[in-house]
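Participant: got a structure for you, letters missing:
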């Protein structure tokens, strides 16, 4: 199925709702509201769900009188899309600069295991001609 173009700009509250939906996989508006910090009113949550659906991020199915919402894209694909946007926006499209910023951050303490995985990924990229 071809990927739909979607509006990738999300407000803070919309991102929080997406986090709840990714965590629960499927949820009613009430369940989303329960999962939000400083939750807005039920009607505000319903409005935000409608907006996210219009933007193409979520869909709903009707189960009896309730709508049950879920994300359109699996979390890993959505994460890659968001990361690509960050790399383009803040690093001029340079993956090298983005990775350098992450690994040189004093707060990012990488274990030997994590460094080994990164080394293997870099080697695979070399062998794959990327």
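Facilitator: Nice, thanks for sending it over. Note that this is a predicted model, so its numbers are computed, not measured.

Participant: what domains does the record give for the chain?
Facilitator: In terms of domains, the chain is parsed into 12-71, 75-127 (source: automatic domain parsing).

Participant: now do the same end-to-end measure for the first one.
Facilitator: End-to-end distance for domain 12-71: 17 Å, by Cα to Cα, to the nearest Å.

Participant: ok now that domain, how far from the chain's centre?
Facilitator: The offset between the C-alpha centroid of domain 12-71 and the centroid of the whole chain comes to 14 Å, using Cα atoms, centre = their mean, to the nearest Å.

Participant: show me the contacts for residue 40.
Facilitator: Applying Cβ atoms under 8 Å, 6 or more residues apart in numbering to residue 40 gives the contacts 13, 33, 48. All C-beta atoms are positioned from the backbone trio N, CA, C, and that covers glycine.

Participant: does it count as helix, strand or coil?
Facilitator: Under DSSP: H, G, I helix; E, B strand; the rest coil, the three-state class of residue 40 is coil.

Participant: any idea how far residue 16 is from it?
Facilitator: Residue 40 is 10 Å from residue 16, where distance means Cβ to Cβ, to the nearest Å.
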